[in-house]
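Colleague: Dropping a prediction and its sequence here:
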Amino acid sequence: MKIPSGKRVTAAGILLMTKSPDSVEFLLMRHPNRWDLPKGHCDTGESFLETALRETEEETGITADTIEIDAQFEFELFYQVQYPETGDQLFEKQVRYFLGFLKQKPELILTEHSSASWHLWQPPHRIQTQTIDPLLESVARHFGQH
């Protein structure tokens with residue numbers, strides 16, 4: 001990853017959901033010590049949505065043409081991060097999340113995570129307080145469930 005010269009790092013990801021007649025599920029990716037979503041840093045000149053779709057395909061094998069993006073939903077988080085290659089320098093990380101729907105659960109091709117899991121949509125969720133929980137709360141409000 002190329003560290004920017006400024007103090008802000010931008011990234012984007014997608015909360016993927018699938019709907020079957022009896023349930024709604026969402027995808028979480030497993031890092032060694034936490035859950036996350038398919039997401040990554042924006043390349044120069046790339047929009048947040050382009051980043052989110054590219055990173056999703058790179059990390060899961062799910063192609064953009066199979067994802068229906070909800071144009072009425074975006075969620076942003078800002079928090080501080082450090083990267084090993086920059087010592088103790090702090091960066092503000094801006095992450096924009098989109099909401100995407102899949103017609104069915106695809107076969108996943110994981111490239112950066114140890115595993116992935118589909119979780120039943122039953123808000124409120126308590127998974128990861130800094131990033132995942134606020135996003136899921138926002139989605140619940142978007143669905144009129146909060």
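Modeller: Thanks, I have the structure now.
Colleague: which of the residues in the longest helix seen in the chain are buried?
Modeller: Using DSSP state H to define each element, the chain has its longest helix at helix 48-60. By neighbour count on 16 or more other Cβ atoms under 10 Å, the buried set for helix 48-60 is Phe48, Leu49, Thr51, Ala52, Leu53, Arg54, Glu55, Thr56, Glu57, Glu59, Thr60. Just so you know, the C-beta spots here come from the backbone N, C-alpha and C atoms, and that holds for glycine as well.
Colleague: Kindly report the same for stretch 78-95.
Modeller: Phe91, Lys93, Gln94, Val95.
Colleague: how close does the first one get to Ile127?
Modeller: In this structure, Phe91 and Ile127 are 24 Å apart, going by Cβ to Cβ, to the nearest Å.
Colleague: again, but for the last one
Modeller: Using Cβ to Cβ, we find Val95 at a distance of 16 Å from Ile127.
Colleague: Put together JSON lines for the buried residues of helix 48-60, with distance to Leu99 and pLDDT on each row.
Modeller: Shown next, in JSON lines, are the buried residues of helix 48-60 (distance: Cβ to Cβ, whole Å; pLDDT from 0 to 100):
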{"residue": "Phe48", "distance to Leu99": "13", "pLDDT": "98"}
{"residue": "Leu49", "distance to Leu99": "11", "pLDDT": "98"}
{"residue": "Thr51", "distance to Leu99": "15", "pLDDT": "98"}
{"residue": "Ala52", "distance to Leu99": "10", "pLDDT": "98"}
{"residue": "Leu53", "distance to Leu99": "13", "pLDDT": "98"}
{"residue": "Arg54", "distance to Leu99": "17", "pLDDT": "98"}
{"residue": "Glu55", "distance to Leu99": "15", "pLDDT": "97"}
{"residue": "Thr56", "distance to Leu99": "12", "pLDDT": "98"}
{"residue": "Glu57", "distance to Leu99": "17", "pLDDT": "98"}
{"residue": "Glu59", "distance to Leu99": "17", "pLDDT": "97"}
{"residue": "Thr60", "distance to Leu99": "16", "pLDDT": "97"}
